[in-house]
Every structure is written in C-alpha cells, then in structure tokens.
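A.B. asks: coordinates for the following, if possible.
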Amino acid sequence: MALAELVQHSEVHALYSSHHAWLQGWLRHKLGNAWEAADLAQDTFISVLSGGAAAPIREPRPFLATVARRLVAHRHRRQVLEEAYLAALAALPQSLAPSPEERLLALEALQQIDAALDGLVPPVREAFLLAQLEGLSYAEIAARLNVSASSVKQYLTRANRHCFFALPA
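C.D. replies: As a prediction, the model looks like this:
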C-alpha cells in the first residue's frame, strides 16, 4: 500500500471511529428510526469516502450532518416519487397495469430524472417541468414564472443540456 493510501486509510478510520456513533445517534433522534439511522450513517460515510473528502475536513460533525441531511432529503424525495407512481398505477385498470419488471424500470428512470433535475436551479427546473409535464408554450411558461419568453428559451436549453449529460446513455 502506498504511503498516500495508508495516510488516507488512517484518516478515514479516525473519522469513522470518532464520529460514526455520534452521527448515528443524531440521525436516530432526527428520524425516530434506528434502522434507517444506521443505514443513513453508513451511506453518509460512503458518500464522504467516494467523494475523497475524508482528509481535509476541519469541522467533521457539521460536515457529516450536512451530508446526512442531503441524503435524508434525497431519500424522502425518492419515497414521495415512488408513492406518487404507485398511486398512479393503482388508478389504472388491471389490464393496463405494467408488469413488476416494467414498474421497477419506470421507478429507476423516474429516480434518474429526479436526480438530474435536482442539479438545476428552481426557475430552470420549473420551466422544464411546465414544458414537459403540462405542455405549456414559452409564452405560457413566461407568464407563470414572470419572466420573458427568451428567458424561458434559455432555461429550457439549459435544462435539456443538463438532463442530456446527467442521464446515462
């Protein structure tokens, strides 16, 4: 093992040993669920490790809490999306209901789209959703968002480019 890897391994170990129990307790208090807290604590450290940010953290607890809050928000958003999809499926006649495999593929696609849209600033995301889900024209979107039609065109160009590069091929 190279010296740099050994140092990083040591720093990660120290971060985990010093703050894992605190983070899990903090999450348990916030969520009221020990199992979900344990999962999210692990996910938080995995996120930190995969981001390569373990070494230069000056204030580990606020940093870990911020990462954990984002993961909690992401999980909540994913659950809301899944519940909405399942409610829409429940409203379909049985003959039109997709197979379990199709449901899973659709949920995964929705989660990828949600993650891609999460990277957009709110007006750009809202313009994109109004165009894609409600089929509104540039003028109608501009009126709703109280911006010019040329701004809407720029928003949609930015959103389309962002989604194109954010979603897997």
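
A.B. asks: just give me the residue right at the centre of the chain.
C.D. replies: The centroid of the chain falls nearest to H74 when counting by Cα atoms, centre = their mean (4.1 Å).

A.B. asks: pull the contacting residues for that residue.
C.D. replies: Applying Cβ atoms under 8 Å, 6 or more residues apart in numbering, we find H74 in contact with 115, 118. Using the backbone N, CA and C atoms, a C-beta is placed for each residue, glycine as well.

A.B. asks: leaving out the residues flanking it, which one is nearest to R103?
C.D. replies: Once flanking residues are discounted, R103 sits nearest to L89: 6.8 Å by Cβ to Cβ, 6 or more residues apart in numbering.

A.B. asks: any idea how far that neighbour is from R77?
C.D. replies: Note on L89: its distance to R77, by Cβ to Cβ, to the nearest Å, is 19 Å.

A.B. asks: same thing with L23?
C.D. replies: 21 Å.

A.B. asks: sorry, back to before: quick check, pLDDT for the residue nearest to R103.
C.D. replies: On the pLDDT scale, L89 is placed at 80.

A.B. asks: surely it touches P98?
C.D. replies: Yes - between L89 and P98 there is a contact at 7.2 Å, judged by Cβ atoms under 8 Å.
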